[in-house]
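Engineer: Sequence and predicted structure are below.
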Amino acid sequence: MRFKALALMASVLVLGACAGGDKIDSDSTAAMGTDSAAMPAMADTMAGGATMPATGTTHEVQMVLEGSSYKYVPAELTVKTGDQIKFINVSGGPHNVAFKEADVPAAVVAQLDANMPATVGAMQKMGKMNGPLVTEPNGTYTISFTGIAAGKYPYVCTPHEALGMKGIITVQ
Ligand SMILES: [Cu+2]
């Protein structure tokens with residue numbers, strides 16, 4: 001009985017220590033800005049960060065089946081931090097937009113995921129940085145690049161990746 005009580009106390013203490021750690025880390029995130037490579041892993045274990053709405057230009061990328069070729073048009077696009085991209089299901093859908101963790105700097109993962117809306121109609125996101133299927137003709141999916149560091153961000157369409165449907169976004 002006495003042992004059990006001690007064990008319970010110990011686990012409460014551990015939980016308390018974790019909660020305290022989170023608080024300290026989120027405070028230091030604010031203080032250190034978004035450049036620290038150490039922060040995203042912590043952000044991943046938390047809520048995932050808040051969406052940062054676009055403040056700049058809206059670009060459009062069409063998701064297309066042309067002949068037997070599935071593609072993003074344009075497949076390569078350069079935007080500025082703060083712009084957004086509206087992906088449009090023109091033909092051959094459903095399509096989506098998915099970034100792989102291996103292709104995204106650790107410091108960017110949480111914010112990029114947070115900037116990818118969780119749903120399109122009834123469809124849900126399929127995973128981290130893996131957008132919902134856009135099933136409706138001319139349906140759209142818009143991703144803000146506010147808070148996203150400069151760099152090259154390759155992405156794929158999950159249903160058509162094996163068929164070569166992929167693109168690259170360069171953020172300046
Ligand atoms: Cu596709």
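Structural biologist: Alright, I've got the coordinates.
Engineer: Can you tell me which residues in the chain are near the ion?
Structural biologist: Applying Cβ under 5 Å from the ion, we find that the chain lies next to the ion at His95, Cys157, His160, Met165. (Glycine included, C-beta is placed from N, CA and C.)
Engineer: Tell me who's in contact with Thr140.
Structural biologist: Thr140 makes contact with Lys86, Phe87, Ile88, Asn89, Val120, Val134, according to Cβ atoms under 8 Å, 6 or more residues apart in numbering.
Engineer: try 6 Å
Structural biologist: The contact partners of Thr140, by Cβ atoms under 6 Å, 6 or more residues apart in numbering, come to Lys86, Ile88.
Engineer: Same check on Asn130?
Structural biologist: Neighbours of Asn130 in contact, by Cβ under 6 Å, 6+ apart: Ala98.
Engineer: Pull up the per-residue confidence for it.
Structural biologist: pLDDT recorded at Asn130 is 98.
Engineer: One more: Gly49?
Structural biologist: So Gly49 comes in at 77 (pLDDT).
Engineer: Equivalent analysis for the one 4 residues further on, please.
Structural biologist: Taken from the predicted model, the pLDDT recorded for Pro53 is 96.
Engineer: helix/strand/coil for it?
Structural biologist: Of the three states, Pro53 takes coil under DSSP: H, G, I helix; E, B strand; the rest coil.
Engineer: Just list the residues touching it, thanks.
Structural biologist: Counting by Cβ under 6 Å, 6+ apart, Pro53 has contacts Ser144.
Engineer: Val73 too?
Structural biologist: Contacts for Val73 (Cβ under 6 Å, 6+ apart) come out as Gln62, Val64.
Engineer: now do the one 5 residues further on
Structural biologist: Residues in contact with Thr78, defined by Cβ under 6 Å, 6+ apart, are Thr170.
Engineer: how close does it get to Val171?
Structural biologist: In this view, Thr78 and Val171 are 8 Å apart by Cβ to Cβ, to the nearest Å.
Engineer: Mind checking what secondary structure the residue nearest the centre of the chain has?
Structural biologist: With distances taken as Cα atoms, centre = their mean, Asp113 lies nearest the centre of the chain, 1.9 Å away. With three-state DSSP as the basis, Asp113 sits in helix.
Engineer: How is this structure partitioned into domains?
Structural biologist: 2-45, 58-171 (automatic domain parsing).
Engineer: which sections of this protein are below the confidence cut-off?
Structural biologist: 1-48 (pLDDT under 70).
Engineer: Select the longest strand from it.
Structural biologist: strand 58-66 (DSSP state E).
Engineer: Now do the helices in this protein.
Structural biologist: 2-32, 39-45, 106-114 (DSSP state H).
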